[in-house]
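1. got a structure for you, letters missing:
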């Protein structure tokens with residue numbers, strides 16, 4: 001492995017799952033598994049010690065579940081990137097995990113290629129939502145009603161018209177390059193807009209920006 005390899009910590013209470021993911025990811029170019037944890041509490045400790053680039057986090061674990069572990073990890077390091085993994089495509093923690101700071105979500109039956117690509121996407125600071133998870137989120141957002149959350153609605157006023165437009169496209173799942181093509185402006189300009197959006201709204205990444213846009217009803221489930 002090179003010094004530029006994406007360093008991954010695998011967190012799961014099942015040994016076979018940890019070992020399986022470790023073998024799969026270590027076989028992928030540019031990815032190195034630097035450690036494992038058997039529950040959320042150990043995950044928090046190992047993240048502090050190893051400072052991995054990406055944490056693969058199971059949700060349902062003893063001692064401390066993945067949701068609480070994600071909250072603690074993100075609270076301790078705003079740049080931490082957590083990719084949540086579960087066998088349940090309708091897990092009740094999906095929405096909460098993303099709001100807690102998870103950068104993405106994948107099912108455990110994802111292929112080795114999908115798993116590796118998920119790690120790379122999250123490490124690069126992009127959002128990652130499996131299609132089935134997106135359906136779950138839409139279901140949750142639909143419960144907010146037509147008005148949305150007051151705090152989020154008020155915060156939208158801090159954004160310029162262009163920043164609001166970019167935020168809506170982020171929530172629709174477009175990459176920076178795709179947004180640039182849609183708005184016919186330079187990708188570097190989009191990156192600047194995204195950075196300003198995150199700062200103004202106090203958000204840590206594109207995933208939280210997408211969640212914010214739905215909660216503010218800038219984007220409505222269809």
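-> Yes, it's here. All values reported here derive from a predicted model rather than from experimental measurement. Residues are numbered from 1 along each chain as shown.
2. which stretches of this structure have low pLDDT?
-> Across the chain, the ranges flagged by pLDDT under 70 are 1-3, 88-94, 127-153, 220-222.
3. please, where are all the strands along it?
-> Under the criterion DSSP state E, the chain contains strands at 6-11, 31-37, 54-58, 82-86, 104-107, 128-129.
4. make a markdown table from the ones you listed and add distance to residue 190 and mean neighbour count to it.
-> C-beta here means a position set from N, CA and C on the backbone, and glycine is covered the same way. As requested, these are arranged in a markdown table below (distance: least, C-beta to C-beta, whole Å; neighbours: other C-beta atoms under 10 Å):
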| stretch | distance to residue 190 | mean neighbour count |
| --- | --- | --- |
| strand 6-11 | 24 | 25 |
| strand 31-37 | 27 | 20 |
| strand 54-58 | 24 | 28 |
| strand 82-86 | 24 | 25 |
| strand 104-107 | 20 | 24 |
| strand 128-129 | 19 | 21 |
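5. what would those look like in TSV with distance to residue 47?
-> Listed next are the strands of the chain as TSV, based on distance: least, C-beta to C-beta, whole Å:
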stretch	distance to residue 47
strand 6-11	6
strand 31-37	8
strand 54-58	6
strand 82-86	9
strand 104-107	16
strand 128-129	19
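6. of these, which approaches residue 202 most closely?
-> Nearest to residue 202, of all these, is strand 82-86, at 18.4 Å by C-beta to C-beta.
7. the closest one to strand 54-58, inter-axis angle?
-> On the basis of axes from the mean of the first three to the mean of the last three C-alpha atoms, to 10 degrees, strand 82-86 is oriented at 30 degrees to strand 54-58.
8. check what contacts strand 82-86 and list those residues.
-> 12, 54-60, 66, 70, 73-74, 93-94, 97-98, 101-108, 118-119, 122, 128 (C-beta atoms under 8 Å, 6 or more residues apart in numbering).
9. ok, back up a step: and the strands of the chain: which comes nearest residue 214?
-> strand 128-129 (11.7 Å).
10. correct me, but residue 164 touches residue 213?
-> No: the criterion here is C-beta atoms under 8 Å, and residue 164 misses it with residue 213 at 9.0 Å.
11. which of the two has more neighbours?
-> Legend: neighbour count by other C-beta atoms under 10 Å for residue 164 and residue 213, higher for residue 213 (25 against 18).
12. for the more buried one, give me its contacts.
-> Residue 213 neighbours (C-beta under 8 Å, 6+ apart): 167, 168, 170, 171, 219.
13. out of the residues you listed, which comes closest to residue 204?
-> residue 170 (13.4 Å).
14. for that closest one, which non-adjacent residue is closest in space?
-> In this structure, residue 170 finds its nearest non-sequential neighbour in residue 209, 5.1 Å apart by C-beta to C-beta, 6 or more residues apart in numbering.
15. run a quick neighbour tally on the one you found.
-> Neighbour number of residue 209 under other C-beta under 10 Å is 19.
16. residue 167 is in contact with that one, correct?
-> Yes: contact status for residue 209 versus residue 167: in contact at 6.1 Å, counting by C-beta under 8 Å.
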